[in-house]
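Chemist: Okay, sequence plus prediction incoming.
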Amino acid sequence: MLNRTLSKIGTQLLRLRHDSSHSSQDRATPADYGLDHRQVAEFVVGTLDAEAEAALAHQVARLLPFHWTWPTRVAEAMSQIMDHFGDQRELMAWLDRHPGRPRLVARLYVFMGLLDWYSAAPAVVTAMREYRERTPYPPGLKPYLVPATDDATLASIAFKVEKLLGEERTEEAVELAMATAAWLQQIAPRARELTPEVGDLDELMGQARQDIRAAAADI
């Protein structure tokens, strides 16, 4: 899923997210979250050993949900890492190579990128709205959806997935992602009827569920 999806959704995965009342800017980076700056320096010049690189990947994964509020020193170190990779897609691919939290975080961010991608697609919004006329709250999503369905619905779910990750509520973030992907698979045939260009929605969501489930099993 990762390579194909990354090519679809572009390079900007760490973005300002919000729902109806909150923003990513409201989440302060915990004081005990940070980076080992020696490891960062060695990593960008290629001298960091495999064990230390895995530790660095875990540090980065914990920090990503707070990317709008990183302290200056953390932001500078993360900038070095980002420059090393060239773009956010390569950063996610690197995290995906490290089992456990880094891989799961990478796959959830790729999934969030898909939600951002489809959020404003008129056919997807229409298909979601029609579904909710019959079933107001899809299974597993009642705590996360407001009554109205619009072009902010999926982006708002992405915000909530990221928020749960930041709160270390990883299991809930996985459950929300899985429930959302299952719902989108259900509405995919109708969305495809409306606009054939969204024809890969079902396949991408099915692969996302598989990949997220596999990564979560390693936590």
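Modeler: Nice, I can see it. Numbering: from 1, shown residues only.
Chemist: pretty sure residue 40 contacts residue 82?
Modeler: No. Residue 40 lies out of contact with residue 82 (C-beta atoms under 8 Å); the separation is 11.1 Å. Bear in mind the C-beta positions are built from the backbone N, C-alpha and C, glycine included.
Chemist: Mind checking the pLDDT average for the strand or helix carrying residue 118?
Modeler: Applying DSSP states H and E as the criterion places residue 118 in helix 101-119. In this model, helix 101-119 has an average pLDDT of 95.
Chemist: which residues sit against the helix or strand following that helix?
Modeler: Remark: after helix 101-119, the chain's next helix or strand is helix 122-134, criterion DSSP H and E. Defining contact as C-beta atoms under 8 Å, 6 or more residues apart in numbering, one finds that helix 122-134 is touched by 118-119, 138, 149-151, 153-154, 183-184, 186-188, 190-192, 194-195, 197-198, 201.
Chemist: again, 7 Å this time
Modeler: For helix 122-134, the surrounding residues in contact (C-beta atoms under 7 Å, 6 or more residues apart in numbering) are 118, 149-151, 153, 186-187, 190-191, 194-195, 198, 201.
Chemist: before we move on, what about stretch 177-197?
Modeler: 108, 111, 123-124, 126-128, 130-131, 138-141, 157, 161, 198-199, 201-202, 205-206, 208-209, 212.
Chemist: residues of it that come out buried?
Modeler: By neighbour count with 16 or more other C-beta atoms under 10 Å, stretch 177-197 contains the buried residues 177-188, 190-192, 194.
Chemist: Also stretch 24-39?
Modeler: So, applying 16+ other C-beta under 10 Å, buried residues of stretch 24-39: 24, 27, 29, 34, 35, 39.
Chemist: just stretch 160-171 next, same as before
Modeler: In stretch 160-171, counting by 16+ other C-beta under 10 Å, buried: 160, 161, 162, 163, 164, 165, 166, 170.
Chemist: Not counting its neighbours along the chain, what's nearest the residue positioned nearest the centre of the chain?
Modeler: Nearest residue to the geometric centre of the chain (C-alpha atoms, centre = their mean): residue 109, 2.0 Å. Distances taken as C-beta to C-beta, 6 or more residues apart in numbering place residue 13 nearest to residue 109, at 5.1 Å, with adjacent residues excluded.
Chemist: circling back to that earlier point, so the residue nearest to the centre of the chain sits right up against residue 17, yeah?
Modeler: No. Residue 109 is not in contact with residue 17 according to C-beta atoms under 7 Å; the separation is 10.8 Å.
Chemist: low pLDDT regions in the chain?
Modeler: Under the criterion pLDDT under 70, the flagged ranges of the chain are 1-12, 20.
Chemist: Which among the contacts of stretch 177-197 count as buried?
Modeler: 108, 111, 123-124, 126-128, 131, 138, 141, 157, 161, 198, 201-202, 205-206, 208-209, 212.
Chemist: Specify the residue positioned farthest from the middle of this protein.
Modeler: Max distance from the centre of the chain (C-alpha atoms, centre = their mean): residue 47, 29.5 Å.
Chemist: Now that one: phi and psi?
Modeler: With angles defined as degrees, to the nearest 10, residue 47 sits at phi -110, psi 0.
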